[in-house]
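[1] sharing a model prediction with you, sequence too.
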Amino acid sequence: MHISSDALNLELVRLPEVVSNPVIGALRMKFWHESIDKTFAGMPPREPICILLHQALQGLEARAGSPTKKSIKFWVSRLVKTREKYMDGRPYPSLAALEDYAENTYSTMMYTTLASMPLRSMHVDHLASHIGKACGIIAVLRGIPVLAAPGRPVKTPTGADAPPTREPSLLLPLDIMAEEGVKEEEVFRQGPSAPGLQDAVFKVATRANDHLITAREMLKRLKAGEDPGHEFEHEGEAEHIYLGESDTTKEIRQSFGVLLEAVPASHYLENLEKVNFDPFAVKSGGWRLPWRIWQSPIYKPSSTNPIHITSVLKPKPTLPNTSLAHAKPRQWTRTHDTHRQILGPTPLLQISRCVQHHRPRTVIPSPAPPRPSIDAAVKMLYELIAIVRPGNLGEVKEYVSNPPKKKAHNPRNAKHLLTNPSRIAQTVGSLVLRNGGVVRGLDNWGIFSLPKPISVHQMKHTHGHYFVMRYDSSTKVHQDVRTTLRLEPRMIRSAHVKLGDGKLSTLSGFGEPKWRTQGSEA
């Protein structure tokens, strides 16, 4: 059953590649709907996948009866309907919509395999739901280099090249793309160099990792004889109906082959972290993946540890007296290069984009005992380059090194920082200092001749005040700085560079500078 469901899924996934227009694609989907109905009615068409599925159903019906066959038909039909819905390559409107897609595809395939065993367990289905969602999200990340590439020309029977059957697409959630400023056209043209792409990939990968962490913590509780820690959100829906008590430990041991899907998912996230969340640079698992599956505790259960899913988030010894020394389990850390040199290789998926004063989102809250609050935000060195609308240079340059203490910054109230728009550097500097950052320097004042304008607004200005500020802060504060500058009416252009990741082309957003005067006013 597992082979037939996977083969069916692959056939549905590649349909957009092999059909020349949406009408033919809809006809192919109609064929699959009818073929599935005939197969479950005992009259499979002469199609290899249907024949394989029919043989599996015959053996299953002899072992478990018709109710299990009915459950499998529901899961297979839901898989086909979901693939039909997204066959046109439409993007997901939100991260929650992407999770629903993963639940209706990858989790559904796991439900199908579990039902064919047959194994009906709420706890196992709950684990499969989290792991399947993680696998579905990761599948979207894996597909970015393929789907964003130009379509290949199709060979006609005469040997000529026909236009490609598909257009490039980017399936990242639209809300994440909007938050990070990712534009499809820039990804299609620039690939991994597109602005904001790696930040968007990081946010999506975080959600996949959250699901793996939730599954791991749930297994720990079940292994200890406790409740899972949170309810199964799909309990009572569709075929998720369970009667009577069961031996949870035995059921988990029986389902270890299905739950092994967590291992390649974790392996991909680890490789994605190593390349700084560049989906175009991730390499396949190679020979190490089978070795890791064999080494996994899931593959080799024991009496003391019947099964254990790990999301490859393992603790790593860190420097004492640093903010990483006691990082929370749910906070990923992407360490600075200095930490890499001192602490050795990067830990498995330990990502340094922990958000200061903001607890990372957990898929489902767990009633575990509260942990002490620890500041685990990792600060990086940023360089801000800004060109401000001509005005009084002294007003723009004004900066208070010790601003008064105020309440913690709230992005929703960012507009209150703009009550005096003339103090742009002061606004940025006070924002950094108020949230635990350090301003390293403020330099390069003068009049900067703008290159070719990139908007109608910029055509009104031929030059502006230019300044550079370097500061250490967390990613959260850095994002607040960018939001504040976007709201500043006097800003013409700005660019931000992370000096900790080797990108030192600080003037790439402006072109070659042409200084007219030093320290003069417009």
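    On my side now, so go ahead.
[2] what segments of this protein are strands?
    154-155, 161-162, 333-334, 351-352, 380-388, 438-449, 463-473, 491-498 (DSSP state E).
[3] need the least confident one among those strands, by mean pLDDT.
    For those, mean pLDDT drops lowest on strand 351-352, to a mean of 33.
[4] now for the residue nearest to residue 186 when sequence neighbours are not counted: which residues touch it?
    Distances taken as Cβ to Cβ, 6 or more residues apart in numbering place residue 194 nearest to residue 186, at 4.2 Å, with adjacent residues excluded. To be clear about C-beta, it is placed using only N, CA and C from the backbone, and glycine gets the same treatment. Taking Cβ atoms under 8 Å, 6 or more residues apart in numbering, we find residue 194 in contact with 182-183, 186-187.
[5] list the buried residues in stretch 25-35.
    25, 28-29, 32, 35 (16 or more other Cβ atoms under 10 Å).
[6] from those residues, which has minimum pLDDT?
    Least confident of those in the model: residue 25, at 86.
[7] let me see the confidence value for the residue lying closest to it once chain neighbours are set aside.
    Counting by Cβ to Cβ, 6+ apart, residue 19 is the residue found nearest to residue 25 once chain neighbours are left out, at 4.3 Å. With respect to pLDDT, residue 19 scores 78.
[8] got phi/psi on residue 19?
    Note on residue 19: backbone dihedrals following degrees, to the nearest 10 are phi -100, psi 150.
[9] my read: it touches residue 28, true?
    Yes. Using Cβ atoms under 8 Å, residue 19 is in contact with residue 28, at 6.3 Å.
[10] most neighbours, which of the contacts of residue 194?
    Neighbour counts for the contacts of residue 194 (other Cβ atoms under 10 Å) peak at residue 187, which has 24 neighbours.
[11] distance check, that residue against residue 226.
    45 Å (Cβ to Cβ, to the nearest Å).
[12] which elements pack onto the helix ranked longest in the chain?
    With DSSP state H setting the assignment, residue counts place helix 197-223 as the longest helix in the chain. With contacts defined as 3 or more Cβ pairs under 8 Å, 6 or more residues apart in numbering; DSSP states H and E, helix 197-223 has these neighbours: helix 95-102, helix 122-142, helix 174-180, helix 248-254, helix 262-274.
[13] and the longest one, C-alpha only, in PDB?
    These are the backbone C-alpha positions of helix 122-142, laid out as PDB (Å, rounded to 0.1, in the frame of the first residue of the first chain):
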ATOM      1  CA  MET A 122      -5.000   8.300  17.900                       C
ATOM      2  CA  HIS A 123      -1.400   8.900  19.200                       C
ATOM      3  CA  VAL A 124       0.200   7.400  16.100                       C
ATOM      4  CA  ASP A 125      -2.000   9.500  13.900                       C
ATOM      5  CA  HIS A 126      -1.200  12.500  15.900                       C
ATOM      6  CA  LEU A 127       2.500  11.900  15.400                       C
ATOM      7  CA  ALA A 128       2.000  11.300  11.700                       C
ATOM      8  CA  SER A 129       0.100  14.600  11.400                       C
ATOM      9  CA  HIS A 130       3.100  16.600  12.800                       C
ATOM     10  CA  ILE A 131       5.700  14.700  10.800                       C
ATOM     11  CA  GLY A 132       3.600  14.800   7.600                       C
ATOM     12  CA  LYS A 133       3.200  18.600   8.000                       C
ATOM     13  CA  ALA A 134       6.900  19.000   8.400                       C
ATOM     14  CA  CYS A 135       7.500  16.800   5.300                       C
ATOM     15  CA  GLY A 136       5.000  18.800   3.200                       C
ATOM     16  CA  ILE A 137       6.500  22.100   4.200                       C
ATOM     17  CA  ILE A 138      10.000  20.800   3.400                       C
ATOM     18  CA  ALA A 139       8.800  19.500   0.000                       C
ATOM     19  CA  VAL A 140       7.800  23.100  -0.900                       C
ATOM     20  CA  LEU A 141      11.300  24.300   0.100                       C
ATOM     21  CA  ARG A 142      12.900  21.500  -1.900                       C
END
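[14] that helix - contacts with which helices or strands?
    If contacts are counted by 3+ Cβ pairs under 8 Å, 6+ apart, helix 122-142 sits against helix 95-102, helix 108-116, helix 197-223, helix 248-254, helix 256-259, helix 262-274.
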